[in-house]
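Novice: Fold the following and give me the result.
(chains A and B)
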Amino acid sequence: MGGIAIIDSGGANIASLLFAFQRLGTTATLTVDADEIRSADCVLLPGVGAARDAMTRLSDAGLVDVIKSLEQPVLGICLGMQLLCEGSEEEDVECLGIVPGVAARLPSAPDFPVPNMGWCATRQVADHAILADIADASFFYFLHSYALPVSEFTLATAEHANPFSAIIGRKNFVAAQFHPERSSAAGARLLRNFIEMPS
Amino acid sequence: MRDGVVVKGVQFRNHRVVGDILELAERYCAEGADELVFYDITASPDDRSVDRSWVSRVAAVLDIPFCVAGGIRSVEAAEDVLNKGADKISINSPALAEPELISDLARRFGSQCVVIGIDSREEGGGYFVYQYTGDPDKTLAAQRATLDWVREVQERGAGEIVLNCMNQDGVRKGYDNEQLAAVRAICKVPLIASGGAGTMDHFLQVFERANVDGALAASVFHSAEIPIPDLKAYLADHRVHIRN
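Specialist: Modelled structure (predicted):
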């Protein structure tokens, strides 16, 4: 069937992602259907809220092994990034474990409010197709209280009280802590890069 | 907003129409605004919920975050607004009427979606909260000290606070930096200044003197008196860290 599949992880912010693909002149389908997801050209895993609720939903839909076995490009967004990793300090919940790493709560420090809500500059630390034609130091829109530490899978970093992973990648899986669908021209470019990534 | 068009008043009175929602949204987005907030100002005083037919239309054209405020009194109403494509919801009067709503919303959607708007007025050296400020005839004192309320909403899971300093609203004499600094001292979540912007220097002052995370303004942008690109260049020149 091809096309762009967005996995319905139960978050309430999925409309803005659907609209972002409309603005790119294409259409994405919101789904929890395993066959539809397996046969898509590329797959997005968005999410807001708590990791446990989202993992329960994926598990109930029989999607845990489906996602792990995907070979086409997959993009996790915000909570979807955590879901692709091993888990989070927030709750004792096992996530998909596709990319090593455990999300930690952002430390609350003077001058660094938590949640981190707003535009942050990113620093690119690796070459990757998802970053094509995006200038280093580009700003993206973040909305989160937990973040993945910097690791060998980090493609770009951002700073709160400490540096954290803004974009990670491993094989066909990439993930962004920020919301590309609300990150103006740089975010639109990232989504375009993603749907044009070779399978 | 009121009845589907954008309006702006002075000190929460004498509102007049300034334009069409979609046209203004697209204009501000193209000019480099970092975030937009849509207030349905009469939703709470009229005891009805926000008219949401426009939320999807706005979500379809905007590629920056936006927040919707006005008469959101339940988890279901908040969910509807978020499902239509808003990134955050802001509540003010309903949170005062039922503080438990803040906790419920934070649990359901995460703190990062939940913005608390506070309308605060300086009186005899203290700061006090007002509610139903969208209609001058219904505005009333909420019988709460602003600093106490700021502490409580954070404990209940608010992810951001927008402090509307009523004495300064729409009069363009500068933000209430003293009040904002007092709130900043006890506010561990992002704090957005609102009310009083008249010049580019006012924006710089509020970032430097009150250390806020963002500055919200309406009149000076609606009137095009301060072009957003000029403001952002001015702030960047003065070493305010801002998206260019």
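Novice: pLDDT below threshold where in chain B?
Specialist: B:1, B:3-4, B:8-14, B:16-18, B:41-51, B:134-135, B:170 (pLDDT under 70).
Novice: Around chain A, pick out the residues from it.
Specialist: Proximity of chain B to chain A, by Cβ under 8 Å from any Cβ of the partner chain, involves residues B:29, B:34-35, B:56, B:59-65, B:79, B:82-85, B:87-88, B:108-113, B:159-160, B:187-191, B:211, B:213-214, B:242-244. Where C-beta positions appear, they are placed from N, C-alpha and C, glycine not excepted.
Novice: Could you give the bridge partners of B:V5?
Specialist: Bridge pairing for B:V5 (DSSP bridges) gives the partners B:R2, B:D20.
Novice: Show me the residue at the heart of chain B, geometrically.
Specialist: Closest to where the C-alpha atoms of chain B average out (Cα atoms, centre = their mean) is B:V162, at 5.0 Å.
Novice: in terms of contact, does that residue touch B:P190 like I think?
Specialist: No - taking contacts as Cβ atoms under 8 Å, B:V162 lies outside contact range of B:P190: 9.3 Å.
Novice: how about the nearest residue to B:E26, chain neighbours excluded?
Specialist: B:V61 (5.5 Å; Cβ to Cβ, 6 or more residues apart in numbering or on different chains).
Novice: That neighbour and B:L22 touch, don't they?
Specialist: Yes - the pair B:V61 / B:L22 is scored as a contact, 6.5 Å apart, by Cβ under 8 Å.
Novice: Give me the pLDDT for the spatially most central residue of chain A.
Specialist: Closest to where the C-alpha atoms of chain A average out (Cα atoms, centre = their mean) is A:I77, at 2.1 Å. Note on A:I77: pLDDT of 96.
Novice: Same question for the one 4 residues further on.
Specialist: According to the prediction, A:M81 has pLDDT 96.
Novice: what's the closest non-adjacent residue to it?
Specialist: Counting by Cβ to Cβ, 6+ apart, the residue nearest A:M81 is A:A175, at 3.7 Å.
Novice: From A:L70, how far out is that neighbour?
Specialist: Using Cβ to Cβ, to the nearest Å, we find A:A175 at a distance of 13 Å from A:L70.
Novice: who's more crowded, these two?
Specialist: Ranked by neighbour count (other Cβ atoms under 10 Å in any protein chain shown), A:A175 and A:L70 place A:A175 first, with 29 against 18.
Novice: Surely the more buried one is within a helix?
Specialist: No - counting by DSSP: H, G, I helix; E, B strand; the rest coil, A:A175 is not part of a helix but strand.
Novice: Specify the beta-bridge partners of it.
Specialist: The partner list for A:A175 in beta bridges (DSSP bridges) reads A:G76, A:I168.
Novice: Secondary structure of A:S165: a strand, I assume?
Specialist: Yes - looking at A:S165 with three-state DSSP, it is inside a strand.
Novice: That one reaches A:A147, doesn't it?
Specialist: Yes - between A:S165 and A:A147 there is a contact at 6.7 Å, judged by Cβ under 8 Å.
Novice: anything in contact with each of these two?
Specialist: Common neighbours of A:S165 and A:A147 (criterion: Cβ atoms under 8 Å, 6 or more residues apart in numbering or on different chains): A:Q177.
Novice: and the closest residue to A:N162 other than its chain neighbours, what does it touch?
Specialist: In this structure, A:N162 finds its nearest non-sequential neighbour in A:P107, 7.1 Å apart by Cβ to Cβ, 6+ apart. Residues near A:P107 by Cβ under 8 Å, 6+ apart: A:114, A:160-162.
Novice: Which single helix of chain A contains the most residues?
Specialist: Ranked by residue count under DSSP state H, the longest helix found in chain A is helix A:184-195.
Novice: That one close to chain B?
Specialist: Yes - applying Cβ under 8 Å from any Cβ, one finds helix A:184-195 in contact with chain B at A:184-185, A:187-188.
Novice: Could you pick out the buried ones from those residues?
Specialist: A:184, A:187-188 (16 or more other Cβ atoms under 10 Å in any protein chain shown).
Novice: Close to chain B: what parts of chain A are there?
Specialist: A:12-16, A:19-20, A:22-23, A:48-50, A:108, A:111, A:113-115, A:117-119, A:139, A:141, A:143-145, A:179, A:181-185, A:187-188.
Novice: Now do whichever strand or helix holds A:S16 and helix A:184-195, the angle between them.
Specialist: Counting by DSSP states H and E, the element that carries A:S16 is helix A:14-23. With axes from the mean of the first three to the mean of the last three Cα atoms, to 10 degrees defining the directions, helix A:14-23 sits at 80 degrees from helix A:184-195.
Novice: how about helix A:14-23 as PDB, C-alpha atoms only?
Specialist: C-alpha atoms of helix A:14-23 as PDB (Å, rounded to 0.1, in the frame of the first residue of the first chain):
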ATOM      1  CA  ILE A  14      -1.700  14.000  16.100                       C
ATOM      2  CA  ALA A  15      -3.800  16.500  14.000                       C
ATOM      3  CA  SER A  16      -0.900  18.900  13.800                       C
ATOM      4  CA  LEU A  17       1.300  16.100  12.300                       C
ATOM      5  CA  LEU A  18      -1.300  15.200   9.700                       C
ATOM      6  CA  PHE A  19      -1.600  18.900   8.800                       C
ATOM      7  CA  ALA A  20       2.200  19.200   8.500                       C
ATOM      8  CA  PHE A  21       2.200  16.500   5.700                       C
ATOM      9  CA  GLN A  22      -0.700  18.300   4.000                       C
ATOM     10  CA  ARG A  23       1.500  21.400   3.900                       C
END
